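K.L.:
model the following, please.
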Amino acid sequence: MKDSIWDITDQWLTGDGPQVSVVVSCRARFARNIAGLPFPPRATPLALKRVTELVSAAIDRSPRLREFHRLSIDGFSPTDRQRLRESQVISQEMERGGEHRMVMLGREPITTIMVNEEDHLRLFVILPGFQTQQALDVLIQVENDLSQRLDFAWSERFGYLTACPSNTGTALRVSAMLHVPGLVLTEQVEEIMKAIPNRGMAVRGYYGENSAPLGNFYQISNETTLGLTEQQITDRLTELVRNLVEKEKAARETLFKEKRVQMEDKIFRALSVLASSRLINTQEAVDNLSVLRLGIDRGFLPSLSHGALNRLIVRVQPGHLQREQGMLLDAEKRDIARAAFLRQQFENIN
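P.N.:
Okay, here's the model as predicted:
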């Protein structure tokens, strides 16, 4: 069963969907807790075990969810947990492992149920491209299914109760992964991103909360949920992302209008680095793949696609690389293996 989950984890990387040149993916997530049981940070092992039993029983009774893969997070090696996190199907917190932590994974679209992370349940759906509303619609169906079989902690005053107060209310977080090299290269990104919190939104790095930007990728999400409906949260995030897409496209037009030769040089230098390096770390690899992703949007490198580059950006990361090599590697050996892998991928691209 474990091997088959890897066929699911990269579905959001396909490069399909609206506005995929800028919006890599969209995600909608609910936090839920079971009434009468302490939140995971304060729960005993016995209480955490009870949560897994209740959730598993609910899944068993659901025609929609019973086919999900059910996986104990401690049943994975640290490298495979890292790989799951790199694929964005578990969080950094879940990657750490722990007793009675489970992941339930479904396909088409990718749907993850994390059990006993910060909350008893974290449910989320990921779709490629700019599909915030569609992600929310699928998520609501999954949550409705579970809510018929589980008694979720809820308050008339505060809404759904969660371990973190900022999630209280609808406990919904909607986010989009954006690729904004145009804003970075035109030196607009810092000012634009600094203004986003004023709109009740958060800017995060490639891996979400507490992570740094990687390869010109940023995650944008709502910050709070209390006092807003699910639709209001989604509509506000959608409006902001649409505005950022317009700014990014305008920045790209400016770059290729005013500095076309320099941009072409940047693209083909990136290709040369990827096709010929003998040592390359994750940051440099993703930075150069990001440049190629910009290039194919402008009609260069027609043999490449957004989907192919999206997958490479994940495959060059440490967990994936070590899984492919079949062994743990120190930093230098990873850089050597990464360079060899990329040379193979780009040997016939021009």
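
K.L.:
quick one: secondary structure of E118?
P.N.:
Three-state assignment for E118 (DSSP: H, G, I helix; E, B strand; the rest coil): coil.

K.L.:
so who does it touch?
P.N.:
Taking C-beta atoms under 8 Å, 6 or more residues apart in numbering, we find E118 in contact with 31, 39-41, 93, 162-164. C-beta coordinates here come from the backbone N, C-alpha and C atoms, glycine included.

K.L.:
at 10 Å what do you get?
P.N.:
Counting by C-beta atoms under 10 Å, 6 or more residues apart in numbering, E118 touches 31, 33, 39-41, 91, 93-94, 162-164, 167.

K.L.:
among those residues, name the buried ones.
P.N.:
By neighbour count, with 16 or more other C-beta atoms under 10 Å, the contacts of E118 hold 31, 33, 39-40, 91, 93-94, 162-163, 167 as buried.

K.L.:
looking at these, spot the one nearest N281.
P.N.:
Comparing the buried ones among the contacts of E118 against N281 with C-beta to C-beta places S91 closest, at 23.8 Å.

K.L.:
find the nearest non-adjacent residue to the spatially most central residue of the chain, please.
P.N.:
Centroid-nearest residue in the chain: Q88, 4.0 Å away (criterion: C-alpha atoms, centre = their mean). Of all residues not flanking Q88 in the chain, I126 sits nearest, at 6.5 Å (C-beta to C-beta, 6 or more residues apart in numbering).

K.L.:
and G17, what pLDDT?
P.N.:
pLDDT recorded at G17 is 89.

K.L.:
also L84?
P.N.:
Listed pLDDT for L84 reads 92.

K.L.:
give me the secondary structure label for the residue nearest to Q88.
P.N.:
Look at I126: counting by three-state DSSP, its state is strand.

K.L.:
picking that back up, sort the contacts of E118 by pLDDT and name the bottom one.
P.N.:
N167 (87).

K.L.:
for that one, list the residues it contacts.
P.N.:
29-32, 118-119, 122, 159-161, 173, 224-226.

K.L.:
list only buried entries from the residues you listed.
P.N.:
By neighbour count, with 16+ other C-beta under 10 Å, the contacts of N167 hold 29-32, 118-119, 122, 159-161, 173, 224-225 as buried.

K.L.:
out of those, which sit inside strands?
P.N.:
29-32, 122, 159-160, 173 (DSSP state E).

K.L.:
buried set for stretch 195-206?
P.N.:
For stretch 195-206, burial by neighbour count (16+ other C-beta under 10 Å) applies to 196, 201-204, 206.

K.L.:
please apply the same query to stretch 51-70.
P.N.:
51-52, 54-55, 58-59, 62, 65, 68, 70.

K.L.:
stretch 330-344 now?
P.N.:
334-335, 337-339, 341-342.

K.L.:
quick one: distance of stretch 93-104 to the chain centre.
P.N.:
How far stretch 93-104 lies from its chain's middle: 17 Å, per C-alpha atoms, centre = their mean, to the nearest Å.

K.L.:
now the end-to-end length of it.
P.N.:
Taking C-alpha to C-alpha, to the nearest Å, stretch 93-104 runs 16 Å from one end to the other.

K.L.:
and what of stretch 291-311?
P.N.:
End-to-end distance for stretch 291-311, by C-alpha to C-alpha: 15 Å.

K.L.:
and it, what's buried?
P.N.:
For stretch 291-311, by 16+ other C-beta under 10 Å, it's 291-298, 301, 304, 306, 308-311.

K.L.:
chain center to the lengthiest helix in the chain, what's the gap?
P.N.:
Ranked by residue count and defined by DSSP state H, the top helix of the chain is helix 230-258. Averaged C-alpha coordinates place helix 230-258 at 19 Å from its chain's average position (C-alpha atoms, centre = their mean).

K.L.:
any low-confidence regions in the stretch 1-150 of the chain?
P.N.:
For the stretch 1-150 of the chain, applying pLDDT under 70 flags the ranges 1-3.

K.L.:
just the helices in the stretch 251-350 of the chain please.
P.N.:
Counting by DSSP state H, counting those that start in this stretch, one finds helices in the stretch 251-350 of the chain at the ranges 260-276, 282-297, 306-315, 318-325, 331-346.

K.L.:
can you add mean pLDDT and give these back as TSV?
P.N.:
Putting the helices of the stretch 251-350 of the chain into TSV (pLDDT from 0 to 100) gives the following:
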stretch	mean pLDDT
helix 260-276	97
helix 282-297	96
helix 306-315	95
helix 318-325	92
helix 331-346	96
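
K.L.:
out of those helices, which comes closest to S77?
P.N.:
S77 lies closest, by C-beta to C-beta, to one member of the helices of the stretch 251-350 of the chain: helix 318-325, at 9.1 Å.

K.L.:
show me the contacts for L255.
P.N.:
181-182, 185-186, 262-263, 266, 294, 298.

K.L.:
got a list of what F217 touches?
P.N.:
24, 177-181, 205-207, 286, 290, 293, 313.

K.L.:
can you check the pLDDT for it?
P.N.:
Model confidence at F217 (pLDDT) stands at 95.

K.L.:
farthest pair in the buried residues of stretch 291-311?
P.N.:
That would be R298 and R311, which, of these, are the farthest apart (C-beta to C-beta) at 20.5 Å.
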